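Peer 1: predicted coordinates and the sequence they were generated for:
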2 protein chains.
Amino acid sequence: MTKMNYTRDNLWQIEEVGFDSRYLGKTESIMALGNGYLGSRSATEERYPTEQRDTFVAGTFNKFAENEVSELPNVPDLWWMDFIINGEHFSLEKGIVSHFSKRLNLKNGELIREFDWAFGTIELHFIFRRFVSKKRRHYLSSFVTIENLTEAAVNIQIRSGIDGQVTNNGSQHFYEGEKGLVDGKYIQMMPQTNESQIDFVFTAGHRIKAENVRERIEMGRRQIFMNYFFDLPAKGTAAIEKRMSIYTSIDNDHSDREVTAIRQRAITEMEALEDISFDELLQESAEKWNEMWQKHPIEIDTENFEDQLAIHFAKYHLHIMTPAHDERMNIGAKGLSGEGYKGHTFWDTEVFMLPYFNFTHPDIAKSLVTYRYLGLDGAHKKATSNGYEGAQYPWEAANPSDGEVTPVWGAADIVTGQSTKIWSGFIEQHITSDVAFGVKQYIDVTGDKEFAEQKAYEILFDTAKFWGSRLEYNAENDYYEIKDVIGPDEYKEHINNNAYTNYTAHWNVTYALALAKELKRSQPELFNHLNEKLGLDAVLDSLAEKVDKIFLPQPTEEGIIPQDDSYLEKKTIDLTKYKSADSVDGLFHDYNLEQVNQMQITKQADVLLLLYLFEGLFPHEMKLKNFEYYEPRTTHDSSLSLSTHAILSADLGKLDESYEFFKKARNIDMGEYMKSSDDGIHAASLGGIWQMIVFGYGGVRMIDGQLRIEPHLPKAWKRLTYGFDYHGESIDVVVTKESVELTKEDNGNNVMFVSNGETYSLKNKLLITLEEV
Amino acid sequence: MTKMNYTRDNLWQIEEVGFDSRYLGKTESIMALGNGYLGSRSATEERYPTEQRDTFVAGTFNKFAENEVSELPNVPDLWWMDFIINGEHFSLEKGIVSHFSKRLNLKNGELIREFDWAFGTIELHFIFRRFVSKKRRHYLSSFVTIENLTEAAVNIQIRSGIDGQVTNNGSQHFYEGEKGLVDGKYIQMMPQTNESQIDFVFTAGHRIKAENVRERIEMGRRQIFMNYFFDLPAKGTAAIEKRMSIYTSIDNDHSDREVTAIRQRAITEMEALEDISFDELLQESAEKWNEMWQKHPIEIDTENFEDQLAIHFAKYHLHIMTPAHDERMNIGAKGLSGEGYKGHTFWDTEVFMLPYFNFTHPDIAKSLVTYRYLGLDGAHKKATSNGYEGAQYPWEAANPSDGEVTPVWGAADIVTGQSTKIWSGFIEQHITSDVAFGVKQYIDVTGDKEFAEQKAYEILFDTAKFWGSRLEYNAENDYYEIKDVIGPDEYKEHINNNAYTNYTAHWNVTYALALAKELKRSQPELFNHLNEKLGLDAVLDSLAEKVDKIFLPQPTEEGIIPQDDSYLEKKTIDLTKYKSADSVDGLFHDYNLEQVNQMQITKQADVLLLLYLFEGLFPHEMKLKNFEYYEPRTTHDSSLSLSTHAILSADLGKLDESYEFFKKARNIDMGEYMKSSDDGIHAASLGGIWQMIVFGYGGVRMIDGQLRIEPHLPKAWKRLTYGFDYHGESIDVVVTKESVELTKEDNGNNVMFVSNGETYSLKNKLLITLEEV
């Protein structure tokens, strides 16, 4: 038996108590370690058939086969250790395990696993500690203590090394490469990806605290490891420390591209750390973590302590998964915590995670939007191959220049037994306006003029140019429409005029026209430069002709905005059964995608997401009607759904309902369902946790270039403290039921914002009294 | 706890009693299933981290990477089944296992695994049966019975399908390919090897015997499987039958090369078997087995019943590993039972296994020697690349035309920690005369004139031509020598004038000269044909000049034939410690190969093998001296060593000593050491078992074209019955301590043979009285 255990006493700790090999995936994902450069599932040292061992290095994409897409390769496993106790392989499936605890310290990134293990007459106490250094991006450390509780000595063999036999579910991305022992002390393995030809250098060194240790090196295919043999006396304690590093030939923190030079660097740097202890290495990493935690800490005064824990959890994961160090890289939909979605970047970044970085770490946000700028080539490639102009962003992105990398075939259709075609890469086109929206949010929140002029405007024009070429003229109705798409609701394929897609495309075009007008006036030189590069004059003329004729689905007499041309005519079924299920799969055990396509079943916020992101588009009353129409038809089968519902319902004054969504949303990974996270963490939902708190209850929003702050706390919260960066100013906010207090350094600058229709100017401190809801 | 269990009551059964996951490799290998077309380790249905799941299809070599060598790819796993009992994954590492028995019926190739499993309140009895059809080469069948011994119903989920996530220790040879459900009934997977581009079609269908079964298909990456859910009532029994087939695009029993056609064929043939039960399929396979067992059965009248079991064991394995159906293929050094040696063919075939087929299944022997004829191109390639002429056979062979495929790097050197270079592919050159010797034995034993004229003579000339170019003139001594080689003793690298190599090369050349002389006389047309093809005139002139000057290491004053130029000068250490160890590794935990190179340590019969294969070369007394000199210096670290020692010591009249070697040799795989066979069965040692019995104690030998029969039974044997084919005649032999009785059909032909210096002619029946030794 196993379960998650959270306590009021430690709001920085997630813990699993009890061991059950059926549910290894849960903590492998939610206790993943990383530092943005590398990420690793917290698979146990010893092995189980039900485990999923994965370590990834951000941006090291490789294509296993010509007809597959690039993915992040699962690199050789460094954590691996086998313990052979009196000749018997140690495994928690054998013997009696007690006091099992696996826990992650979110504050300093230390993972601890601890238990007693009784097997026959042997009784041992194990403590496993490990972390990935936040200070030294290439470094991983592991420290294992074994205490012999038996009355007799036990014989122990430890096999520990580097295992390159791991794969991405059977696909091997690496050529084996060289391996060897260096200076009689460090083992190394140097595999190379088979298509992208990235060289990797893995190094590991051991220190043993035990008496009379015999050691022996062994190599197998794709494996190199050390064997340590010793007797552990009765009541004695032994320890093994393992220091590991990973370097690649695409690292941007050193200029070595040749394997031999990288090998040498790895050894030199490993040697330089010889005199620093495990605890010291952990401490310096913790200090780096602390710098992050100091930045706009969020405090929630509530009896429901899991709410506070959740934001620690979310921020921890947002930081371990984000390759902040390299603008050629972006965040994967499962971060670096699983093979799900192959390490690819989706709209999840712009719509769900970027807001956190915009408002809290604008430097990281800049790196993320720069990735999209570097992606223009790939976006041109995609547009051209589809017969369009401008920049059509890929639904799934790997290396920025790759263009579209969405796989074409997915899981089995339960009716036909054949693979289902994945259409998203072809027709889920709203990603292009999502990227434009994200870039616009970034420049609005940060006021980063340099990025705007050098990169953002180009993206905003180039995406509008795409939409201009994408619009299809409908002569009968004399309007431009967008047919054959998938909207945010992926249960509707090949639909026409998805509201979200059409409205956001319309916004993208409208904004480009306004921007052009403004630039011509204020920065004619910049405009001319972009005009030359993108042929803007012709593009803008065409867009100006089309923009007012873009078809925007209008509300029905009942005030319902049709999700697409046909949605409202489809039949409705009772979804209660599926909405209460633990697993997303429920619906698809009964229907296949084609059948779901024919019903009013929505996977995730679609129209409602539009109402949230563009809140001025429709009046309050109409938003309410649409919320009440669509929510019961929504299965929330995507982890991107609940947070949007939580925020929108908070906006609509449904605070109790909102808080129910909040609790479900923060439990997507942290919750008690032990199969939730097998394929990896739900990256977007973690951005969603921050958004629910700061946007939803903290009331912050960036709307049409204007900052808005309208807090409203749920009943269970007494007080919410948060902060954010805005145009280079750092603002602290304390919200209670009665008031909101804003503070910034009195540096002569004023921050303008609106709240409930009033405009405010924050110079230093401001207290606004809230009406009770 | 686990151990092998053999009983006097069943001389056709090898059995493991008790389960221990440390030792899965033992029965995976020694209970491997196969039919020569495909072979499979007997890995359990459910999975363990310590297992090695391998299934191979003979001859489907693929090269994972440019700098690796071709190997037999581990194909997608068909045996896989997971059992989830009341929500808990079934594993023998959990709960209490009793009455565990895993047993292989050598007579019909059926594998049975059976046990009681108690977990909490649940108690189940499992029976797993499976076989690979000997009648239908593409077919595998599995039948699992679960009996619920509990007083309550248990909920059972069975996941069973095709798993393409398996690799060769991390190297993935297959592109994923298509997969799907056909006719709602059969699951299929169609991967392709990434370099050799061989298409595979895997098909599986299930039948369930249970009430109210729900089913659901699922696909994962490289996986397709069915889920069956049902409740098994108290005291109830359920069963699942799984029928599987494997086809490839290089099969020679159908002409389909396109995947779609092969898929269709697989389905059609699967459907055609619908009405035949598991037991009927097993029965028809057993009948095919029986045909084999009828051919020259060996019976040993002895108290040591394991001797009888061993020959059943050896023959079973020799047949499941030998691709008798396709002359483009040969036997791997581990058969089809493990990844060791990558499925490659060595001299093991000619020197250790071919004799069995020559004397028992000449049709199979013909296929094996034809493989070498097809290998001439590859042998030319190797000779040319090394600057030689003629046919230089590869030390390791895969596809016949590939030439040399020995990997260049091996295991870690314990002193330097670096990979050890494998020199065999470069300088272990005796393989070329071994192949010539094997071909000569084949034509001598079978009298296959057609093969001799069309293929064998060409090999014999072409190999002699190689040796002619290989010999190095030593002006100082005015002789031709062979420097920088490895002999059969692989612990001596880069030595000069290895006795085995020089003598066999000399034989190869001498025989070619004699053959040329004979052909010119008796078949001038054939000679002219070969002369044109191989430029024989010039070659033979040159060989005639050199032959008498080939340096043949001469006995010292003490009568010891030097293994090579420097062996006798090297230091000697006491090997007792290493010879008694269970594992080959012992010596190399203390010394590296370079150090062993500098000592009088011999891995396996080298000079002694020469004395055995060319028994007329040296007088009895000298052989005895050499035996007594070399055996104590031999670690028998190669499984090719013991059988040679057993036979040679029997020849030398040391029957008690011989029988000790025999018992050790027959225990190489069958013995109680549970780690013996992890990498696969020791193919050559199985040929050795047959040779020890028929050549060693039965006294049969083919020497210089003459049949010799000189039996001598060990003390423990009362009577030995065996038989063999010779020049198309089938001869039965019964040996006792007193006499040998030979019988053949009285068809007018006489078989001439010698025995103890006398020449005999066997027309029908012959009784020879033996002197007591």
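Peer 2: Thanks, I have the structure now. A quick note: this is a predicted structure, and the numbers were derived from the prediction, not measured.

Peer 1: what about the strands in the stretch 301-450 of chain A?
Peer 2: When secondary structure is read from DSSP state E, counting those that start in this stretch, the stretch 301-450 of chain A shows strands at A:409-412, A:419-421.

Peer 1: residue A:434 is nearest to which of those?
Peer 2: Among the strands of the stretch 301-450 of chain A, the nearest to residue A:434 by Cβ to Cβ is strand A:409-412 (21.5 Å). C-betas here are computed from N, CA, C, even on glycine.

Peer 1: so what does that closest one touch, helix or strand wise?
Peer 2: Using 3 or more Cβ pairs under 8 Å, 6 or more residues apart in numbering or on different chains; DSSP states H and E as the contact criterion, the secondary-structure elements in contact with strand A:409-412 are strand A:419-421, strand B:214-220.

Peer 1: distance of the closest residue to chain B within the stretch 451-600 of chain A relative to residue B:201?
Peer 2: When Cβ to the nearest Cβ is the measure, the stretch 451-600 of chain A has its nearest residue to chain B at residue A:589, with 6.5 Å between them. Residue A:589 sits 29 Å away from residue B:201, taking Cβ to Cβ, to the nearest Å as the criterion.

Peer 1: for these two, indicate the residue with more neighbours.
Peer 2: In this view residue A:589 and residue B:201 are compared by other Cβ atoms under 10 Å in any protein chain shown, and residue B:201 has more residues nearby, 27 against 12.

Peer 1: got the contact list for that one?
Peer 2: With contacts defined as Cβ atoms under 8 Å, 6 or more residues apart in numbering or on different chains, the neighbours of residue B:201 are B:188, B:189, B:190, B:245, B:246, B:247, B:248, B:259, B:262, B:263, B:266.

Peer 1: one more pass at 7 Å, please.
Peer 2: The neighbourhood of residue B:201, defined by Cβ atoms under 7 Å, 6 or more residues apart in numbering or on different chains, consists of B:188, B:190, B:247, B:259, B:262, B:263, B:266.

Peer 1: near chain A, from those?
Peer 2: Filtering the contacts of residue B:201 for neighbours of chain A using Cβ under 7 Å from any Cβ of the partner chain leaves an empty set.

Peer 1: can I get those in CSV including pLDDT, secondary structure and neighbour count?
Peer 2: Shown next, in CSV, are the contacts of residue B:201 (pLDDT from 0 to 100; DSSP: H, G, I helix; E, B strand; the rest coil; neighbours: other Cβ atoms under 10 Å in any protein chain shown):
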residue, pLDDT, secondary structure, neighbour count
B:188, 96, strand, 25
B:190, 96, strand, 24
B:247, 98, strand, 25
B:259, 95, helix, 18
B:262, 98, helix, 22
B:263, 96, helix, 21
B:266, 98, helix, 23
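
Peer 1: which one of these sits closest to chain A?
Peer 2: The shortest gap between chain A and any of the contacts of residue B:201 belongs to residue B:188, at 9.6 Å (Cβ to the nearest Cβ).

Peer 1: can you tell me how far the closest one sits from residue B:245?
Peer 2: With the distance defined as Cβ to Cβ, residue B:188 ends up 10 Å from residue B:245.

Peer 1: what does residue A:499 give?
Peer 2: Counting by Cβ to Cβ, the gap from residue A:499 to residue B:245 is 51 Å.

Peer 1: now residue A:142
Peer 2: With distances taken as Cβ to Cβ, residue A:142 is found 46 Å from residue B:245.

Peer 1: and the two? which has more neighbours close in?
Peer 2: In this view residue A:142 and residue B:245 are compared by other Cβ under 10 Å, and residue B:245 has more residues nearby, 26 against 23.

Peer 1: so which strand or helix has the closest residue to chain B within the stretch 101-250 of chain A?
Peer 2: Nearest residue of the stretch 101-250 of chain A to chain B: residue A:181, at 2.3 Å (Cβ to the nearest Cβ). Taking DSSP states H and E as the criterion, residue A:181 maps to strand A:174-182.

Peer 1: re earlier: and the helices and strands packed on strand A:409-412 as TSV, adding mean pLDDT and mean neighbour count?
Peer 2: Rendered in TSV, the data for the helices and strands packed on strand A:409-412 read as follows (pLDDT from 0 to 100; neighbours: other Cβ atoms under 10 Å in any protein chain shown):
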stretch	mean pLDDT	mean neighbour count
strand A:419-421	81	16
strand B:214-220	92	17
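
Peer 1: please identify which of the ones you listed is closest to residue B:754.
Peer 2: Taking Cβ to Cβ as the criterion, residue B:754 comes closest to strand B:214-220 out of the helices and strands packed on strand A:409-412, the separation being 65.6 Å.

Peer 1: partner strands of the closest one, with direction?
Peer 2: Using DSSP bridges, the neighbouring strands of strand B:214-220 in the sheet come out as strand B:223-232 (antiparallel).

Peer 1: then the partner strand to PDB, C-alphas only?
Peer 2: What follows is strand B:223-232 as a C-alpha-only set of coordinates in PDB (Å, rounded to 0.1, in the frame of the first residue of the first chain):
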ATOM      1  CA  GLN B 223       3.400  -2.400 -28.400                       C
ATOM      2  CA  ILE B 224       0.000  -3.900 -29.200                       C
ATOM      3  CA  PHE B 225      -1.900  -5.900 -26.800                       C
ATOM      4  CA  MET B 226      -5.300  -7.200 -25.700                       C
ATOM      5  CA  ASN B 227      -6.700  -6.800 -22.200                       C
ATOM      6  CA  TYR B 228      -9.100  -9.500 -20.900                       C
ATOM      7  CA  PHE B 229     -11.100  -8.800 -17.800                       C
ATOM      8  CA  PHE B 230     -13.100 -11.400 -15.900                       C
ATOM      9  CA  ASP B 231     -14.000 -12.800 -12.500                       C
ATOM     10  CA  LEU B 232     -12.800 -16.300 -11.800                       C
END
